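1. Just to be clear, the model below is a prediction. Sequence and coordinates:
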Amino acid sequence: MRNPYHILLVGLLMLSFASAEAADKAAHHEKGNRSGNTAAATSQTTGDDTAGSTGNTPKKAFSLPPNTVSAWKVDELFAGERQADPDTATLNHQLDTALPHKYSLASEWCGNMGSPAQPAIFRDRYNPALIGQYLFLHPYRTYYAGASDVLFYNTKIPYSNLTWTSGGQTHRSEDRLKGVLAVNATPKLNFALTADYIYGVGQYYNQSTDDLIGALNGSYRGERYSIYFIAGLNNFRNYENGGLADASLFGQTQTYTLPTKLDYAWSVYRSFYFWVNQQYRFGYHKTDPDDTEKTEFVPVATLAYTLKFEGGRKKYYESRIGSYYAQNLYNESVTRDTTSNNLMRNIFSVTLNEGFKKWMVFDLRAYAEVDVEQNMCLTGDSLYGYKNEALVAVGGEISDRKGATQYNVLGQALLLGYDKVPGFDVSGDFSTDIPIGKEQLQIRADGYVKSTNPAHFMRHYYSNHFAWDNDFGNVWSARAYGSAGIPNKYCDVSVGAGWDGVKNYLYFDQQALPQQSPDFIQVLSVDAKLNLSVWWLHWDNSLTYQQSTHPETLPLPAFSVYSNFYLRHKLFKKLLTVQLGVDCRYNTSYYANAYMPATGQFYLQNETLVGNYPLMNLYLNMHLKHFRVYLMYYNMSSLFMKQPCYTTPGHPLNPGIFKFGISWNFYN
């Protein structure tokens, strides 16, 4: 198979030629929304950006027509569309500098950009699916982009974005380069190319990362027939240092000279996937009662087929073996651990569409799925064993995604599961907006009940330092969560509460070996958001409280807080938006999970408390038309805190360093 890097390069060249031709046709595109299932569009400026206008006629300048770029994401099963926004936010651009912080209030993280991480907020952690559980993907999920994460576009003129962030000294810097190119060949046919490259040398010894995430995708959305496709890759490489060998030396020498527990060790995760969904809608045309010359297509039923193939491979290397591990099973000199997971999914569905009759007030869908999965693992030095499994699932869905009140209920039954063990998953969500005077009360709820098979490599695994064969049963889990909020320009407030219950919970014990708890573990959580705005002053706050009934098996920080205080103002005839502020992230101390390099998994420990450190950042954001820039001093707290900030034992976050980033949108 050709190198995925070559595929992305060829895709970039194809889109470059296509964009040149599409630019010539852009002026002839019709006004308003495109035909097809158009997602909510975004424009270059928001209502807030134009507030306070004097009404004077400005000088003639380049401006974008409304609905220039619209974007959406799709779900992996049925390609159901949901609104998404291109990356044009005017505020908080600096959050891109540390992705684990961006996606969860608290995280367990090895500290360097692109290094393994997992959320410390239980609700934010990955929930095992009925199908498609590759254990060794878990530590990289913060950076992983699957089919449901890729943005599809509809553009009237070619759209592209280039973003670069960097921080630290030149020889120890961490850099991230992102690019997007989207162009419509016709009003219904679009192609997009996305690439995200992370390279972080790291402020500590032997912790550098080298990651590439990318996708070439496109869509054709016709009246009756539509197709979506994605060809994506997720490649991660990180050196493993095992953590600091002697933390007491911190502050006495340069951080990158501090001794670490591991040397000459590194991990590699690579995956490539292809996903395609095709739909054909049966229906009829009806005449517009106000204009007999206009007709509208009414879809009655939709037949769809989804195909996905993903091949993932995880490797762990040591060119020299020391005394870090307790045992060496197949080689005393070097380690070459290898596993792989290949999954082919075939999903057939039929849908009765909402609205083709007055009494049809929801979408009603049924589906069947037939899959083949192959797992590979070492059985000895350079010896490989393979296991193939056939998986069969059926399910149904009822949903209403129109109007002020929306809901969705999806039921799935795994008839033929892993080792022929069945499973099920029933999940749903609900949202409604209730007018209260001039405000809207937003009510949201979601939950699930599921029984899932343990991942293959939780049951069977062999490597140089670890090996196990387990007979684990299904994991039974349930969740209920609800929230209520009132968005307001001056006081945006919301509160939520949730409950999680897990029976037969899977975890890694203090020896970094997988175990299954017979206890019924419960997690109670409460979260709140309060954003205040007065004149130029803004204060955004988020808080989560969570309590585990079995902290010895599932440790969690009790309180996690994020607070962001900033001044926001528009300068130079309101063309330049300036945001100057300081933010702080804090969680109470707890026995956070440690990280095991050989398997890439987080495991229990009860020796080191982690937390109780206010991670503060001083930043300046500026936004001018299509251009954004930020300046930031990361971990300002290190100037007055004696100890480094840990989120997992032995792996401190970067000390105080200067960071910056620029982002530019192009519409031509």
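-> Arrived safely.

2. Can you list phi and psi of the closest residue to Pro644 other than its chain neighbours for me?
-> In this structure, Pro644 finds its nearest non-sequential neighbour in Pro652, 3.6 Å apart by C-beta to C-beta, 6 or more residues apart in numbering. For every residue, glycine as well, the C-beta is placed using N, CA and C. Backbone torsions for Pro652, taken as degrees, to the nearest 10, come to phi -70, psi 150.

3. Might one say that Pro652 is in contact with Gly202?
-> No. Between Pro652 and Gly202 there is no contact under C-beta atoms under 8 Å: 10.8 Å.

4. residues shared between the contacts of the two?
-> Residues within reach of Pro652 and of Gly202 at once, by C-beta atoms under 8 Å, 6 or more residues apart in numbering, are Gly111.

5. can you tell me how far the residue nearest to Pro644 sits from Thr257?
-> Pro652 sits at a distance of 14 Å from Thr257 (criterion: C-beta to C-beta, to the nearest Å).

6. Which one's more surrounded, these two?
-> Here Pro652 and Thr257 are compared on neighbour count by other C-beta atoms under 10 Å; more neighbours surround Pro652, at 25 against 10.

7. May I have the beta-bridge partners of that one?
-> Beta-bridge partners for Pro652, by DSSP bridges, are Tyr646.

8. List the residues that contact it.
-> Contacts here follow C-beta under 8 Å, 6+ apart; on that basis Pro652 touches Gly111, Tyr204, Leu244, Ala247, Phe250, Pro644, Cys645, Tyr646.

9. closest to Ser166 among those residues?
-> When those are compared for distance to Ser166 (C-beta to C-beta), Gly111 comes out closest, at 17.0 Å.

10. Thought Leu653 was touching that closest one, still the case?
-> Yes. Contact criterion C-beta under 8 Å: Gly111 and Leu653 qualify, at 4.6 Å.

11. who touches both of those two?
-> Between them, Gly111 and Leu653 have Thr647 as joint contacts when contacts are counted by C-beta under 8 Å, 6+ apart.

12. Break down this protein into its helices, ranges please.
-> Per DSSP state H, the chain carries helices over the ranges 4-25, 47-50, 99-103, 456-459.

13. Out of those, name the one with the poorest average pLDDT.
-> Averaged per stretch, pLDDT over those is lowest on helix 47-50, reaching a mean of 37.

14. what sits against Val523?
-> Per C-beta under 8 Å, 6+ apart, neighbours of Val523: Phe122, Trp499, Asp500, Gly501, Gln546, Gln547, Ser548, Thr549, Leu554, Leu556.

15. Out of these, which end up buried?
-> Among these, those that count as buried by neighbour count (16 or more other C-beta atoms under 10 Å) are Phe122, Asp500, Gly501, Gln546, Ser548, Leu554, Leu556.

16. and the fourth one, bridged to which residues?
-> Beta-bridge pairing of Gln546 under DSSP bridges involves Ser525.

17. give the contact list for it.
-> Ile121, Phe122, Arg123, Val523, Leu524, Ser525, Val526, Leu556, Pro557, Ala558, Ser560.

18. repeat for Lys450
-> Applying C-beta under 8 Å, 6+ apart, we find Lys450 in contact with Asn127, Leu130, Gly423, Phe424, Asp425, Val426, Ser427, Trp476, Ser477, Ala478.

19. Determine the number of other residues adjacent to the residue nearest to the second one when sequence neighbours are not counted.
-> I take that to be Leu130. Counting by C-beta to C-beta, 6+ apart, the nearest residue to Leu130 once its immediate chain neighbours are dropped is Leu414, at 4.8 Å. The number of residues packed near Leu414 is 26, by other C-beta under 10 Å.

20. Do I have it right that Leu414 meets Ala393?
-> Yes. In this structure, Leu414 sits in contact with Ala393. The criterion is C-beta under 8 Å, and the distance is 4.9 Å.

21. okay, and the common contacts of those two?
-> Taking C-beta under 8 Å, 6+ apart as the criterion, Leu414 and Ala393 both touch Leu130, Ile131.

22. one step back: of the contacts of Lys450, buried ones?
-> The neighbour-count test (16+ other C-beta under 10 Å) applied to the contacts of Lys450 identifies Leu130, Gly423, Phe424, Asp425, Val426, Ser427, Trp476, Ser477, Ala478 as buried.

23. Relative to Ala129, how far out is the closest residue to the second one other than its chain neighbours?
-> Pointing back at Gly423 there. Closest residue to Gly423 in three dimensions, ignoring its sequence neighbours and counting by C-beta to C-beta, 6+ apart: Leu414, at 4.0 Å. Counting by C-beta to C-beta, the gap between Leu414 and Ala129 amounts to 10 Å.

24. Which residues are in contact with each of the two?
-> The contact sets of Leu414 and Ala129 overlap at Asp425 (C-beta under 8 Å, 6+ apart).

25. Relative to Lys286, how far out is the residue of the chain most remote from its centre?
-> Relative to the C-alpha centroid of the chain, counting by C-alpha atoms, centre = their mean, Thr292 is the outermost residue, at 47.1 Å. To Lys286, Thr292 is 11 Å away according to C-beta to C-beta.

26. What residues does Gly114 make contact with?
-> For Gly114, the contacting residues are Tyr143, Glu174, Ile198, Tyr199, Gly200, Thr209, Asp210, Asp211, Phe236, Asn238, taking C-beta under 8 Å, 6+ apart as the criterion.

27. Show me which of these is closest to Asp446.
-> Within these, proximity to Asp446 (C-beta to C-beta) peaks at Tyr143, which comes in at 24.6 Å.

28. Strands along the stretch 1-150 of the chain, start to end?
-> Here the stretch 1-150 of the chain has its strands, by DSSP state E, counting those that start in this stretch, at 41-42, 69-74, 81-84, 107-109, 117-119.

29. quick one, which of the ones you listed is nearest to Pro435?
-> Put simply, out of the strands of the stretch 1-150 of the chain the one that sits nearest Pro435 is strand 81-84, at 21.3 Å, with distance taken as C-beta to C-beta.

30. tell me the mean pLDDT for that closest one?
-> Mean predicted confidence for strand 81-84 is 90.

31. cool, and stretch 318-327?
-> The predicted model gives stretch 318-327 an average pLDDT of 94.

32. Name the residues of that stretch that come out as buried.
-> By neighbour count with 16+ other C-beta under 10 Å, stretch 318-327 contains the buried residues Glu318, Ile321, Tyr324, Tyr325.

33. and these as a markdown table, adding distance to Leu624?
-> Rendered in a markdown table, the data for those read as follows (distance: C-beta to C-beta, whole Å):
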| residue | distance to Leu624 |
| --- | --- |
| Glu318 | 49 |
| Ile321 | 54 |
| Tyr324 | 51 |
| Tyr325 | 53 |
